[in-house]
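**Student:** My questions concern the predicted model and sequence given below.
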Amino acid sequence: GAVVSQHPSRVICKSGTSVKIECRSLDFQATTMFWYRQFPKKSLMLMATSNEGSKATYEQGVEKDKFLINHASLTLSTLTVTSAHPEDSSFYICSLGGVGSETQYFGPGTRLLVL
Amino acid sequence: GENVEQHPSTLSVQEGDSAVIKCTYSDSASNYFPWYKQELGKGPQLIIDIRSNVGEKKDQRIAVTLNKTAKHFSLHITETQPEDSAVYFCAASKGGNNRLAFGKGNQVVVIP
């Protein structure tokens, strides 16, 4: 399967600041990337789907102006949490999908704590 | 949309015994069913998947069965080992780059 990295693995920030999380495909051309968030002992909640070179499609209830997604290349997608609030504290995970492929490969996740 | 339910929520087994996790789905158009293993603090890892054109798939100690008529699929782990302890998620999708609908997860504990 594909090797996916995320950076940083964990981050602590103050309320009101912005945090950028990177998702990289190390050996796979990801035409589609997905961003999820996961609360403790809960399932994965899809936030948005992004295709390389086009705007992301956000799930209902996810604020696109708060969670900025950029999928600039086939190997990199970024999620920026703007004006972070303590309720944004969560585990954020990206996944990759290939051309016409239903298989998703997940990154190791980023733990965000907003103080 | 697709609704995936997963049972039981927690499963404890003795080392060496088998573990079975069952999932049901609601959308008959779903045709791809992966299983993910998630260890604490890590991202989900794909362990096996099955497509709707087959009824069973096996990979060493892990197998998945699919019953399209009843719309349920199961994960079978044989000869369980302590390192099998994790949360297991089932999912379903309509294939292609369609979203995955996840179950709520199952905490498997293998008792040495």
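**Tutor:** Sure thing, it's come through. Numbering: from 1, shown residues only, chains lettered A, B, ... in the order given.
**Student:** What are the neighbouring residues in contact with the nearest residue to B:T10 once chain neighbours are set aside?
**Tutor:** Nearest non-adjacent residue to B:T10, counting by C-beta to C-beta, 6 or more residues apart in numbering or on different chains: B:Q107, 4.7 Å away. For every residue, glycine as well, the C-beta is placed using N, CA and C. Counting by C-beta atoms under 8 Å, 6 or more residues apart in numbering or on different chains, B:Q107 touches B:9-11, B:86-87.
**Student:** Residues of chain B that sit close to chain A?
**Tutor:** B:32, B:34, B:36, B:41-46, B:49, B:89, B:93, B:95-100, B:102-105 (C-beta under 8 Å from any C-beta of the partner chain).
**Student:** picking up where we left off before, could you verify that the residue nearest to B:T10 is part of a strand?
**Tutor:** Yes: applying DSSP: H, G, I helix; E, B strand; the rest coil, one finds B:Q107 inside a strand.
**Student:** Report the buried residues of stretch A:77-97.
**Tutor:** For stretch A:77-97, a neighbour-count test (16 or more other C-beta atoms under 10 Å in any protein chain shown) marks A:77-79, A:81, A:84, A:88-97 as buried.
**Student:** Is it positioned near chain B?
**Tutor:** Yes: Stretch A:77-97 is in contact with chain B by C-beta under 8 Å from any C-beta, via A:93, A:97.
**Student:** Local confidence estimate at the residue nearest to A:V4 when sequence neighbours are not counted?
**Tutor:** Excluding its sequence neighbours, the residue lying closest to A:V4 (C-beta to C-beta, 6+ apart) is A:G107, at 4.0 Å. For A:G107, the model assigns a pLDDT of 96.
**Student:** Test my guess that A:G107 contacts A:F91.
**Tutor:** No: contact criterion C-beta atoms under 8 Å: A:G107 and A:F91 do not qualify, at 11.0 Å.
**Student:** ok, and what's touching the worst-scoring helix or strand of chain B on mean pLDDT?
**Tutor:** Least confident helix or strand, chain B: strand B:4-7 with a mean of 91, by mean pLDDT, DSSP states H and E. Contact with strand B:4-7 is made by B:21-26, B:89-92, B:101-106, as judged by C-beta under 8 Å, 6+ apart.
**Student:** swap the cut-off to 7 Å and go again
**Tutor:** B:21-25, B:90-92, B:101-106 (C-beta atoms under 7 Å, 6 or more residues apart in numbering or on different chains).
**Student:** Report the backbone C-alpha coordinates of it in CSV.
**Tutor:** Only the C-alpha atoms of strand B:4-7 are listed here, as CSV (Å, rounded to 0.1, in the frame of the first residue of the first chain):
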residue,chain,number,x,y,z
VAL,B,4,-22.7,1.1,8.5
GLU,B,5,-23.3,-0.6,11.9
GLN,B,6,-20.7,-2.6,13.7
HIS,B,7,-21.1,-5.2,16.4
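**Student:** After it, heading C-terminal, what element do we hit next?
**Tutor:** Using DSSP states H and E, the helix or strand that directly follows strand B:4-7 along the chain is strand B:10-14.
**Student:** strands paired with that next one, and their directions?
**Tutor:** Strand pairing for strand B:10-14, using DSSP bridges, gives strand B:106-111 (parallel).
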